[in-house]
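Chemist: Got a predicted structure plus its sequence, pasted below:
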Amino acid sequence: MKFVVNSVKNGGCRLGVMSEFGLHGKKTVETPMCMLYTRRGSAPHLTADMLKKIQWLPPMAQMSLTNMIEHHEALEAYKEGIGKFANMKDYLVYNALHDPATEVMAGQNDTATVGVWTKSGKVKMDVDMFVRIQEAFKPDVYQALSDGDTDLKATKKRINKSVTRTLTYLDQLLERLPKSEILKDAAIFGVIEGGNSVFERCRSARETASRDVAGFVIEGFHTQGPQTEFFKLSDVRDTLRQTVECLPDDKPRLMHAAFPPDQVLEALELGLDIFDSSYAYHVTERGCALVFDFTHKADPEDMADKKTVQKGWEIDLNDKRYFEDFGPLLEGCYCYTCKNFSRSYVNHLRNTSELLGSVLLMIHNFQHYFHYFEAIRRALVEDKYEQLKTHILRQKLCNSS
């Protein structure tokens, strides 16, 4: 993989381009970038045809080994990889170890295996099994095997084990990979562990960076799942900053979490490049629509427009106040849902438990969240990032009030 950082702005935000990797060697990926979140190979609630109605779709889809491990034998027989199998052949495929929208159960890993929970129960996966599954999936990018069973309350002993085991898995994996003709063009991302320990984080970062990896996944601050929406980067800012300082500049950095709009900006300033869109999925699951505004205006007085600032991040379409509201989910939005359906109709769908409600919300929330990342890239290029940040933080105050 080739990764070029074209510029670093506003303290740490990196504008970069990923290229020359995976099965789609001619494709490029602009960063910062948010991947398409999928469950079992498909965008939640959406068929492939409905997915095409969304604008600003990213070039990379995130799939999770946890959700697909039970199908690896069928994929081995299919021989053409998970992208084509799941009708996502036009996307670069990133294969994560765990589903970022599902909490990972603690106490499942040991010195030789990582515990992965499926619908059929626990699977203990060693390096050989991991490689066989990746060969069946044929991803463009994949996360290395890791022991991310830590959070901010983890003990020093648990943190030390997490880092040591993850490095051991990585060494065994890198020793095994030259024997795999199938994975020779796939980019492997090493995993940085260490809980909230600066010492262990830096050890993990330096040791992983010394290995032949194409990029980095930063995990171990939380156990994933819906609670990551409330994970505050400010609680680990110094630890994460010192960790990133130990990593080379010419390789991308990824972190899984359901990041609200303000946390996305904080993560960018700390030097992260790649995100997942599980946040949009969580918002949809609770029956809400994203309505935060990310139009960075030149006039400071326009930025203070109360009509723009008073919304917060989302509105709750389960609320009876929208029973007779015949406006779009978000005024000025051009997604398929907002052009064709009203708040009243989605409110009706939610209150009658119709599946179409989640479909329409998912379309809107995905498009809005992906458009936000495009707006961030544009703001960085046009040197308007600080205006965008000010605008987002104003809405954060409304969101918490």
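Modeler: Sure thing, it's come through.
Chemist: neighbouring contacts of stretch 195-206?
Modeler: 150-152, 154, 156, 158-160, 162-163, 166-167, 192-194, 216, 220-221, 235-236, 238-240, 242-244, 246-247 (C-beta atoms under 8 Å, 6 or more residues apart in numbering). No exception for glycine: its C-beta is placed from N, CA and C like everyone else's.
Chemist: What's the PyMOL syntax to select whichever of those residues are buried?
Modeler: To isolate the buried ones among these in PyMOL, judged by 16 or more other C-beta atoms under 10 Å, type:
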select buried, resi 150+151+154+158+159+160+162+163+166+167+192+193+194+216+220+221+236+239+240+243+244+246+247
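Chemist: In strands, which of the contacts of stretch 195-206 appear?
Modeler: 192, 216 (DSSP state E).
Chemist: Return, as residue ranges, the portions of the protein with sub-threshold pLDDT.
Modeler: 24-25, 296-311, 399-401 (pLDDT under 70).
Chemist: rewinding a little: narrow the contacts of stretch 195-206 to those in helices?
Modeler: The helices, defined by DSSP state H, take in 156, 158-160, 162-163, 166-167, 238-240, 242-244 from those.
Chemist: And the helices in the stretch 251-400 of the chain?
Modeler: Along the stretch 251-400 of the chain, the stretches classed as helices by DSSP state H, counting those that start in this stretch are 261-269, 278-285, 300-303, 306-309, 336-340, 343-351, 355-381, 385-400.
Chemist: most tightly surrounded among those?
Modeler: Mean neighbour count (mean count of other C-beta atoms under 10 Å) peaks for helix 278-285 among the helices of the stretch 251-400 of the chain, with a mean of 24.
Chemist: helices or strands next to that helix in the packing?
Modeler: Judged by 3 or more C-beta pairs under 8 Å, 6 or more residues apart in numbering; DSSP states H and E, the packing partners of helix 278-285 are strand 33-37, strand 288-290, helix 355-381.
Chemist: Go again with 7 Å.
Modeler: helix 355-381 (3 or more C-beta pairs under 7 Å, 6 or more residues apart in numbering; DSSP states H and E).
Chemist: Return the angle between stretch directions for the helix it packs on and strand 33-37.
Modeler: 170 degrees (axes from the mean of the first three to the mean of the last three C-alpha atoms, to 10 degrees).
Chemist: Mind listing what's buried along stretch 120-136?
Modeler: Those would be 123, 125, 127, 129, 130, 131, 132, 133, 134, 135, 136, for stretch 120-136 by 16+ other C-beta under 10 Å.
Chemist: can you redo the helices of the stretch 251-400 of the chain as CSV with distance to residue 317?
Modeler: Shown next, in CSV, are the helices of the stretch 251-400 of the chain (distance: least, C-beta to C-beta, whole Å):
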stretch, distance to residue 317
helix 261-269, 19
helix 278-285, 10
helix 300-303, 28
helix 306-309, 20
helix 336-340, 11
helix 343-351, 5
helix 355-381, 7
helix 385-400, 17
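Chemist: For residue 229, which of those helices is the nearest?
Modeler: Residue 229 sits nearest to helix 278-285 of all those, at 5.9 Å, using C-beta to C-beta.
Chemist: Residue 319: neighbour count?
Modeler: Residue 319 has 15 neighbours, counted by other C-beta atoms under 10 Å.
Chemist: same question but for residue 177, I mixed them up
Modeler: 17.
Chemist: Next one: the residue lying closest to it once chain neighbours are set aside relative to residue 143, how far apart?
Modeler: Nearest non-adjacent residue to residue 177, counting by C-beta to C-beta, 6 or more residues apart in numbering: residue 183, 6.0 Å away. Applying C-beta to C-beta, to the nearest Å, the value for residue 183 to residue 143 is 13 Å.
Chemist: These two: which is more packed in?
Modeler: Ranked by neighbour count (other C-beta under 10 Å), residue 183 and residue 143 place residue 143 first, with 26 against 19.
Chemist: The closest residue to residue 150 other than its chain neighbours and residue 392, how far apart?
Modeler: Of all residues not flanking residue 150 in the chain, residue 195 sits nearest, at 4.1 Å (C-beta to C-beta, 6+ apart). Using C-beta to C-beta, one gets 29 Å for the distance from residue 195 to residue 392.
Chemist: and if you look at residue 6?
Modeler: Taken as C-beta to C-beta, the span from residue 6 to residue 392 is 23 Å.
Chemist: Check residue 144 too.
Modeler: From residue 144 to residue 392 the distance is 33 Å (C-beta to C-beta).
Chemist: Likewise for residue 148?
Modeler: 29 Å.
Chemist: Residue 348 versus the residue sitting furthest away from the middle of the chain, what's the distance?
Modeler: Distance from the centre of the chain peaks at residue 324, with 35.4 Å (C-alpha atoms, centre = their mean). Relative to residue 348, residue 324 is positioned 10 Å away (C-beta to C-beta).
Chemist: again, but for residue 245
Modeler: On the measure of C-beta to C-beta, residue 245 and residue 348 end up 52 Å apart.
Chemist: Could you do residue 367 as well?
Modeler: Counting by C-beta to C-beta - residue 367 and residue 348 are separated by 22 Å.
Chemist: Check residue 149 too.
Modeler: To residue 348, residue 149 is 43 Å away according to C-beta to C-beta.
Chemist: What's the local residue count around the residue nearest to residue 318 when sequence neighbours are not counted?
Modeler: Leaving aside its sequence neighbours, residue 318 sits nearest to residue 287 (C-beta to C-beta, 6+ apart; 4.5 Å). Residues near residue 287, counting by other C-beta under 10 Å, number 20.
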